[in-house]
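Peer 1: I would like to see how this sequence folds:
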Amino acid sequence: MNKKTIKMYDFFGLQAKIGVTKHIGGLKATRYLIEHCNIDDSKYMLVVGCGNGTSAIKIAKLTGCRIAGIDISKTMVELANEKLENIVLDRIKFKVGDTENISFPDNTFDVVISESVTAFTDRRKALSEYQRVLKKDPFI
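Peer 2: Down below sits the predicted model:
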């Protein structure tokens, strides 16, 4: 593990302990992604780095789409799943997952979003994984 990776885990660990996730642009940026990715109730989306589930839940409420959320932090995934216990959104599933080795089959998702975590990864590996799990013609 290199120094950058160790710092990343420290940062995510701190966020997990206090139950906060933030990304540049906030809800405005999330709404931009929804609009520009043509997300609606027919789509299946992967949210990479789902954190405590805030963005994924907001997207599901706004669009009606199905969502799988992955995060490297078990604590964040636990927080996300706790939020789901308080609302009825059976079309969202959160699980621990690695951005550089996504545990979904090829051609699974219509949309893959990552609002801030790709910068903390080996981008070649992560982007290759995003491409692999995306349907080949997601907008058709």
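
Peer 1: CA atoms for contacts and neighbours, from now on please.
Peer 2: OK.

Peer 1: Quick one: the strands in the chain, in order.
Peer 2: For the chain, the strands identified by DSSP state E occupy 44-48, 66-71, 92-96, 111-113, in order along the chain.

Peer 1: With mean pLDDT, distance to Ser128 and mean neighbour count as added columns, please give those in CSV.
Peer 2: Formatted as CSV, these follow (pLDDT from 0 to 100; distance: least, CA to CA, whole Å; neighbours: other CA atoms under 10 Å):
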stretch, mean pLDDT, distance to Ser128, mean neighbour count
strand 44-48, 96, 13, 24
strand 66-71, 97, 16, 23
strand 92-96, 97, 19, 20
strand 111-113, 93, 12, 22
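
Peer 1: Find the residue at the geometric middle of this structure.
Peer 2: Among the residues of the chain, the smallest C-alpha distance to the mean C-alpha position (CA atoms, centre = their mean) belongs to Val47, namely 2.2 Å.

Peer 1: That residue bridge partners, please.
Peer 2: Under DSSP bridges, the beta-bridge partners of Val47 are Gly69, Ile113.

Peer 1: pull the helix or strand with minimum mean pLDDT from the chain.
Peer 2: Considering only helices and strands, the least confidently modelled element of the chain by mean pLDDT, DSSP states H and E is helix 3-18, at a mean of 52.

Peer 1: before we move on, back to that, what's the closest of the strands of the chain to Ala80?
Peer 2: Each of those has some distance to Ala80 by CA to CA; the shortest is strand 92-96, at 6.8 Å.

Peer 1: State the number of residues packed around Arg124.
Peer 2: Neighbourhood size, Arg124 [other CA atoms under 10 Å]: 11.

Peer 1: Spit out the contact partners of it.
Peer 2: For Arg124, no residue counts as a contact, taking CA atoms under 8 Å, 6 or more residues apart in numbering as the criterion.
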